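> Below are the sequence and a predicted model for it; my questions follow.
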Amino acid sequence: MIPYGRQDVRQEDIESVIEVLRSDFLTQGPKVPAFERAVAEKVGATHGIAVNSATSALHIACKALGVASGDILWTTPNTFVASANCALYCGADVDFVDIDARTYNLSVEALRAKLRESADNGRLPKVLVAVHFAGQPCDMEQIRDLSNQYGFRIIEDASHAVGGKYQDEYVGSGNFSDVTIFSFHPVKIVTTAEGGLALTNDESLAQSMRLFRSHGVTRAPEQLQQEPPGPWYYEQVELGFNYRMTDLQAALGLSQLERLDEYVSRRHELADLYDSLLEGFPVTRPYRASQRYSGLHLYPIRIDPSHDRRKVFEGLREREIGVNVHYIPVHTQPWYRARGFGWGDFPAAEEYYREAISLPMYPSMSDQQVEQVVAALEEALALK
């Protein structure tokens with residue numbers, strides 16, 4: 001089967017991990033801070049805080065931004081549930097902003113309208129999580145302008161967009177947000193097996209996130225509440241979590257990071273080939289906006305409503321093409337329906353979901369495999 005995504009682990013990656021296995025440190029050693037520095041330097045951010053998943057990174061970002069009971073976080077319904085759940089972990093509420101029908105990202109127009117309405121009823125968000133769906137950055141400059149006007153903070157959920165660019169700057173530079181979140185899951189752009197990272201240019205936020213990822217425990221003299229009685233001394237100054245990345249994971253990430261631009265470039269070659277081969281098919285190909293360079297984690301197409309999406313999906317699976325659907329709108333999940341959301345609340349996201357299929361996309365995929373996917377799609381659509 002051709003999977004929808006897969007990791008590319010090479011001999012140099014394996015050797016990097018073996019080196020750590022033979023070292024004195026398997027968990028908290030020199031590789032984690034080295035990986036944090038390497039990612040931050042690559043994208044032009046000041047601080048990187050590595051954790052065990054992007055979900056953990058979202059959680060500690062919300063905690064550092066002070067999200068708590070009585071607050072509300074907004075995000076898009078077209079995302080994985082973690083982009084919303086991070087607010088619930090902090091005791092806050094969640095609401096959603098519908099998507100743009102062309103980019104499938106959060107709609108700036110819908111956001112502007114919802115902010116006007118919410119300003120009138122006194123229920124503005126404390127934080128907005130802007131998700132760069134499929135790797136394409138949101139319109140961050142306009143979102144930042146709205147945050148300045150209405151006073152909310154911004155988290156970029158760039159789990160799909162590692163290596164992507166907005167206005168010629170790497171996603172993660174922090175030019176238009178408070179915190180950016182990366183994911184290093186195996187199907188993402190580069191991998192640490194499991195893992196995530198929060199990027200920020202704010203020293204205070206970085207210190208808070210470092211505390212929250214490691215039990216709220218510190219040895220830093222400036223954070224201690226009393227004079228240390230000896231070099232063994234530490235204090236718990238926050239209620240934190242065990243969200244730390246290991247040296248094994250960081251070593252893999254450091255090796256993979258060297259191929260980041262190569263990986264994203266190859267994804268663009270594959271997307272260009274898909275675009276060409278799918279011309280004339282009854283599908284909508286993904287739109288790539290100007291001044292934005294997508295990480296192209298996904299290649300989602302929309303099946304014309306004249307065709308049965310489920311039949312096409314199953315036909316592709318029968319032909320050993322490992323397609324997937326990204327995403328079932330978060331507000332339609334049972335947990336969120338029980339809290340007052342339901343079908344019909346965000347029609348653009350729901351319409352997209354009913355038509356969406358993610359075709360295979362990963363850097364080690366060959367041109368011949370793309371042609372195989374397209375041939376299978378042609379058969380599943382009964383075009384032959």
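That came through, no problem.
> Pull the distance from the helix or strand containing residue 211 to the chain's centre.
For residue 211, the element it lies in under DSSP states H and E is helix 203-213. Helix 203-213 has its C-alpha centroid displaced from the chain centroid by 20 Å (C-alpha atoms, centre = their mean, to the nearest Å).
> so after that helix, what's the next helix or strand?
Criterion used, DSSP H and E; the element after helix 203-213 is strand 217-218.
> what lines up beside that following strand in the sheet?
With DSSP bridges as the test, strand 217-218 is paired with strand 235-236 (antiparallel).
> distance between the partner strand and the chain's centre?
Its chain's C-alpha centre and that of strand 235-236 lie 31 Å apart, by C-alpha atoms, centre = their mean.
> Residues touching that strand, excluding its own?
215, 216, 217, 218, 223, 224, 225, 226 (C-beta atoms under 8 Å, 6 or more residues apart in numbering). (Each C-beta comes from the backbone N, C-alpha and C, glycine too.)
> I'd say the second one and residue 237 touch.
Yes: here residue 216 reaches residue 237: they are 6.0 Å apart, a contact under C-beta atoms under 8 Å.
> Just the buried residues of stretch 295-310, please?
The neighbour-count check on stretch 295-310 (16 or more other C-beta atoms under 10 Å) flags 295, 296, 297, 298, 299, 300, 301, 302, 303, 307, 309 as buried.
> what helix or strand is the third one on?
Yep, that's residue 297 we're talking about. Going by DSSP H and E, residue 297 is not in any helix or strand.
> cool, the first one as well?
When secondary structure is defined by DSSP H and E, residue 295 falls outside every helix and strand.
> The closest residue in space to residue 335 that isn't next to it in sequence - how many residues pack around it?
Nearest non-adjacent residue to residue 335, counting by C-beta to C-beta, 6 or more residues apart in numbering: residue 81, 8.0 Å away. Look at residue 81: counted by other C-beta atoms under 10 Å, it has 15 neighbours.
> again with residue 183
28.
> and if you look at residue 220?
Neighbour tally, residue 220, other C-beta under 10 Å: 12.
> Quick check: it vs residue 79, distance?
35 Å (C-beta to C-beta, to the nearest Å).
> go on, residue 197?
As judged by C-beta to C-beta, residue 197 and residue 79 stand 18 Å apart.
> likewise residue 116?
If you go by C-beta to C-beta, the gap between residue 116 and residue 79 works out to 24 Å.
> got it, and residue 338?
From residue 338 across to residue 79, the span is 19 Å (C-beta to C-beta).
> Repeat that for residue 230.
With C-beta to C-beta as the criterion, residue 230 and residue 79 are 48 Å apart.
> who has more neighbours, the two?
For residue 230 versus residue 79, the count of surrounding residues by other C-beta under 10 Å is larger for residue 79: 26 against 5.
> For the more buried one, give me its contacts.
131, 133, 157, 327, 330.
> my guess is the first one contacts residue 155, does it?
No: the pair residue 131 and residue 155 does not pass the contact test of C-beta under 8 Å, sitting 9.4 Å apart.
> Give me the distance from the helix or strand containing residue 336 to the chain's centre.
Element membership for residue 336 (DSSP H and E) is helix 334-337. Here the centre of helix 334-337 is set off from its chain's centre by 22 Å, with C-alpha atoms, centre = their mean.
> For it, list every residue counted as buried.
residue 336.
> Can I get it in CSV? Just the C-alpha atoms.
Taking C-alpha atoms only, helix 334-337 is exported to CSV below (Å, rounded to 0.1, in the frame of the first residue of the first chain):
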residue,chain,number,x,y,z
PRO,A,334,-19.4,14.0,20.6
TRP,A,335,-17.5,15.8,23.4
TYR,A,336,-18.1,19.2,21.8
ARG,A,337,-21.7,18.4,20.8
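> Many thanks, we can stop here.
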